[in-house]
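Engineer: Here is a sequence together with a model predicted from it:
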Amino acid sequence: MKYTPADPEYYSMNREDIAFDDEQVLLVNYRGFVSPRQYSVTQFTNVSFLPISAPRYEFNLNFFDKGTGRLIEDDVPTKWKSWVDDGGSYDPLGSNFRPNSPSIMVSQDEDWQPNQYHRTATFHKEYEGKWVSFSAESWTNVSFVDDEVFIKLVLRNRNKEDLNMTIIPNQVAQLLDNGLVEGSAESTGIDVFTIGSEKAHARVSSSIKETSDRGFEISIPSGATETYYFAVKFYNPDEVAPSVYQSDIAERMKLAEKKTRDMLSWAYNKLPKLQSENKKMEEYYYRCALSTLMSRYENPNYITDVFWAVGTWQFTISWDTSYASDLIAMLDPDSLKEAILTDFEQVQMKRTYVSWNGAYWDNLYIQEPFALQLMIEAYIRHTGDYAIFDEQSGGATVWNWMQRWVEELQTNYTNDLGLIDVGYNTEKIIEIRTDGYNHAVPITNTLTVDLLYTMSDWAMQRGDKKWAKAYRGSAKKLEGLVEKFLWNEELGWFDNYYPDGTKGTIWTYHLFDLLGTDYLPDHQMYRLVSHLQEGEFLGKYGVYSIARRDSVHWDLIDSDWGGGGQYAGMPGRIARNLYQNGFAGKGWDVLQRNIRYIDHFPYLPQNPRIDVAEQDRSSMPVQIAAGAGLEAIVFGTFGILMEDGKLTITPYNHEDIGEALLSDIKWKGRSFDVHLKEKTFDVLENGHLIETRFYGESVIIN
């Protein structure tokens, strides 16, 4: 059977090919997530069904064979980690044959796909003339309608005798937390099926009817195969505990699978569809979409019906969302609008971090207005709905809020020269652990110029010529100041400007966001792009966040902005902007480097390294901003431009792409296809040819 990107099987990866630690491998179903553990047939960890969370929780099933009196354990990952870290457990390599070592399941194959983890294992041992021989196969997924994890377990008795076993639930957790319940999160065992704290409980249920004070009792005849289902539910202590025996777990597990399939099919039918002779490019396109989709939550406990989180960290942050705002607008424009309104309601120009239940901490990124600009532009681009500016949120309209942001920049962040000055705190911009990226930062100034020009255009759209003129005048003034004080002609770069009149050059890829504006003089653009070369900014998998030449600021650990890696959204955004400015070859160079990650990651992590496919445990294994890679292909490679009431198509092809088709590009209720061939490209509407053109030409549709 041939699978399409509408099927979870399309995304399947063998666990051995995945460059993630266990806690980074995710089963997500739009409500919460867990992480299945490698080298076990039943173990999982890293539980998050907010408000309940237990990141260090460990669950597995153990098997007590009554015929031999042997306990066969399936918590190999935990034993292995303890052995490696501190020698506190048995060496799993010696288990099953060294004297006094435990008996353990022998793991075999493991495969991941969206919200399903498939594992096989075996046990085949003789104890004092008695054989224990059975195979195990399991499937694990998470529910959408409740806070629970499902396991389907198939056991085959390979022995000549009946296999009589007790399946013993093993739950270990120091803390079981619930953010909405008072009390201690410290957990303890309640009974063989239940563990809990004052704030949350977890209970194991099964389709197995017969139970004892040790667990679930089973008997499998010689040569027979039996299927059992388990559900681990996380719940408030004041709720009625789930029944230990449940006959409908299989049906609930199928409903969980159906939700996963329905969402993938929904996304596939909403987005333009890509087919290419370059199958890596095609797979990358859909894994970018999957990464964004995995950041979508529809948890009834959250502050919005659809909550676009940054990833596994359940906060919605406009800067992260902005990198995938076109993708979200194509998928679900109403949810993008909701994200914009939620930002104005919660952030209030004071708090960037908006969690699942409201804004936290008086900590503001000055990126907020620029991110909101991108989100609003994307929303209007795909809906034509300028009425969003009159929507009320947090006590003011969207237009009023954007005007307040401009006023904030021009009053509290403008120095005596007229430059935007963020002050000493680097953290107001991005997270670089070294100092110097502060005060009059070039990208903050240049993005302010772009914001002012955009505000002028929006004011004209609203019929407000007074504000349109004022914003355009402010933009031109600041543009001149940037040219005078920040541009370094010798280096072909923009410098920081400090209060004592000195300048500092910081080689950050943050500055390439300037390529997304449309006012940069050609000579400055060419000089900036000239730095995107091998060994300076370009590495094996993309773009160093700090150029290797910057020996003062380059940092291997703080990889997304400090040096040795890249933020998930930046290679896609840079590639898109390069394409749109005519640097197609360089855009493809950046993009094809990023595409290499798909050999190692099933979805794209937050800040992977550039020189090796690795995501450290300090950051997230999935990032909403990965959607920028898909946007680079749609709006860069295929040259889709939606503005001024028209659709302009100016695609590019590259030798290693070959023929490619982007179909069902939706614009104003119409559907278009772009077919890239060797020397020409076709544009079709509803499957009918409109134009055939040479590369370098454009097709304009009104």
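Structural biologist: Looks like it arrived, so ask away.

Engineer: Please save the CA atoms from stretch 75-88 in CSV.
Structural biologist: Coordinates of each C-alpha in stretch 75-88 appear next as CSV, following Å, rounded to 0.1, in the frame of the first residue of the first chain:
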residue,chain,number,x,y,z
ASP,A,75,12.2,-1.4,32.6
VAL,A,76,15.5,-1.8,30.7
PRO,A,77,15.9,1.9,29.9
THR,A,78,15.7,2.8,33.5
LYS,A,79,18.2,0.1,34.5
TRP,A,80,20.6,1.1,31.7
LYS,A,81,20.5,4.8,32.7
SER,A,82,21.1,4.0,36.3
TRP,A,83,24.0,1.6,35.4
VAL,A,84,25.6,4.2,33.1
ASP,A,85,25.1,7.2,35.3
ASP,A,86,26.0,5.9,38.8
GLY,A,87,26.3,2.1,38.7
GLY,A,88,23.2,1.9,40.8
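
Engineer: Look up phi and psi at the spatially most central residue of the chain.
Structural biologist: Nearest residue to the geometric centre of the chain (Cα atoms, centre = their mean): Gln623, 2.3 Å. Here is the backbone geometry of Gln623 (degrees, to the nearest 10): phi -140, psi 130.

Engineer: Now do the same for it: its pLDDT.
Structural biologist: pLDDT recorded at Gln623 is 98.

Engineer: tell me the contacts of the closest residue to it other than its chain neighbours?
Structural biologist: Nearest non-adjacent residue to Gln623, counting by Cβ to Cβ, 6 or more residues apart in numbering: Ala568, 3.7 Å away. To be clear about C-beta, it is placed using only N, CA and C from the backbone, and glycine gets the same treatment. Each residue near Ala568 by Cβ atoms under 8 Å, 6 or more residues apart in numbering is listed here: 291, 323, 560, 604-608, 623, 625-626, 628.

Engineer: how about low-confidence regions in the chain?
Structural biologist: 425-427 (pLDDT under 70).

Engineer: What distance do you get for Ala202 to Glu58?
Structural biologist: Counting by Cβ to Cβ, to the nearest Å, the separation of Ala202 from Glu58 is 11 Å.

Engineer: Name the residues contacting each of these two.
Structural biologist: Residues touching both Ala202 and Glu58 (Cβ under 8 Å, 6+ apart): 171, 173.

Engineer: the more surrounded of those two?
Structural biologist: Applying other Cβ atoms under 10 Å to Ala202 and Glu58 shows that Ala202 carries more neighbours, namely 27 against 19.

Engineer: Verify the stated contact: that one with Tyr57.
Structural biologist: Yes: with contact defined as Cβ atoms under 8 Å, Ala202 reaches Tyr57; the gap is 7.1 Å.

Engineer: Common neighbours of these two, please.
Structural biologist: Common neighbours of Ala202 and Tyr57 (Cβ under 8 Å, 6+ apart) are 47, 171, 173, 176.

Engineer: buried stuff in stretch 316-329?
Structural biologist: The neighbour-count check on stretch 316-329 (16 or more other Cβ atoms under 10 Å) flags 316-329 as buried.

Engineer: got it, and stretch 216-223?
Structural biologist: 216-218, 220.

Engineer: ok so, going back, got the buried residues of stretch 316-329 as JSON lines, with secondary structure columns?
Structural biologist: JSON lines is the format used below for these (DSSP: H, G, I helix; E, B strand; the rest coil):
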{"residue": "Thr316", "secondary structure": "strand"}
{"residue": "Ile317", "secondary structure": "coil"}
{"residue": "Ser318", "secondary structure": "helix"}
{"residue": "Trp319", "secondary structure": "helix"}
{"residue": "Asp320", "secondary structure": "helix"}
{"residue": "Thr321", "secondary structure": "helix"}
{"residue": "Ser322", "secondary structure": "helix"}
{"residue": "Tyr323", "secondary structure": "coil"}
{"residue": "Ala324", "secondary structure": "coil"}
{"residue": "Ser325", "secondary structure": "helix"}
{"residue": "Asp326", "secondary structure": "helix"}
{"residue": "Leu327", "secondary structure": "helix"}
{"residue": "Ile328", "secondary structure": "helix"}
{"residue": "Ala329", "secondary structure": "helix"}
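
Engineer: Of the contacts of Ala568, which belong to strands?
Structural biologist: The members of those all map outside strands under DSSP state E.

Engineer: Put together a markdown table for those residues, with distance to Ser355 on each row.
Structural biologist: Compiled in a markdown table, the contacts of Ala568 are given as follows (distance: Cβ to Cβ, whole Å):
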| residue | distance to Ser355 |
| --- | --- |
| Ser291 | 21 |
| Tyr323 | 20 |
| Asp560 | 20 |
| Leu604 | 23 |
| Pro605 | 21 |
| Gln606 | 17 |
| Asn607 | 21 |
| Pro608 | 25 |
| Gln623 | 17 |
| Ala625 | 18 |
| Ala626 | 21 |
| Ala628 | 23 |
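
Engineer: can you confirm the residue nearest to Gln623 is in a strand?
Structural biologist: No: with three-state DSSP as the criterion, Ala568 is assigned coil and is not in a strand.

Engineer: Okay, it and Thr120: tell me how far apart.
Structural biologist: From Ala568 to Thr120 the distance is 32 Å (Cβ to Cβ).

Engineer: and what of Asp65?
Structural biologist: Taken as Cβ to Cβ, the span from Asp65 to Thr120 is 19 Å.

Engineer: Pick out whichever of these two has more residues nearby.
Structural biologist: Taking neighbours as other Cβ under 10 Å, Asp65 and Thr120 compare with Asp65 leading, 22 against 16.

Engineer: Name the nearest residue to the more buried one, ignoring sequence neighbours.
Structural biologist: Using Cβ to Cβ, 6+ apart, the closest residue to Asp65 is Val132 (4.9 Å).

Engineer: in the sheet, who's paired with that neighbour?
Structural biologist: Counting by DSSP bridges, Val132 is bridged to Lys125.

Engineer: after the helix or strand harbouring Phe234, next one along is what?
Structural biologist: With elements taken from DSSP states H and E, the one containing Phe234 is strand 225-235. Remark: after strand 225-235, the chain's next helix or strand is helix 249-270, criterion DSSP H and E.

Engineer: mind listing what's buried in the next helix or strand along the chain from that following helix?
Structural biologist: Sequence-wise, the next helix or strand downstream of helix 249-270 (DSSP H and E) is strand 273-276. For strand 273-276, a neighbour-count test (16+ other Cβ under 10 Å) marks 273-274, 276 as buried.

Engineer: Check stretch 493-504 too.
Structural biologist: 493-497.

Engineer: contacting residues around that stretch?
Structural biologist: Residues contacting stretch 493-504 (Cβ under 8 Å, 6+ apart): 415, 417, 419, 421, 436-443, 446, 482, 485-488, 505-507, 511, 514, 527-528, 531.

Engineer: Would you map the helices across the stretch 351-500 of the chain?
Structural biologist: Listed in chain order, the helices of the stretch 351-500 of the chain (DSSP state H, counting those that start in this stretch) span residues 368-383, 398-411, 442-461, 465-485.

Engineer: Need those in JSON lines (columns: distance to Ser89).
Structural biologist: Putting these into JSON lines (distance: least, Cβ to Cβ, whole Å) gives the following:
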{"stretch": "helix 368-383", "distance to Ser89": "47"}
{"stretch": "helix 398-411", "distance to Ser89": "55"}
{"stretch": "helix 442-461", "distance to Ser89": "50"}
{"stretch": "helix 465-485", "distance to Ser89": "60"}
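
Engineer: Mean neighbour count and distance to Arg156 for those - can I get that in TSV?
Structural biologist: Converted to TSV, the helices of the stretch 351-500 of the chain look like this (neighbours: other Cβ atoms under 10 Å; distance: least, Cβ to Cβ, whole Å):
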stretch	mean neighbour count	distance to Arg156
helix 368-383	21	52
helix 398-411	18	61
helix 442-461	22	61
helix 465-485	16	71
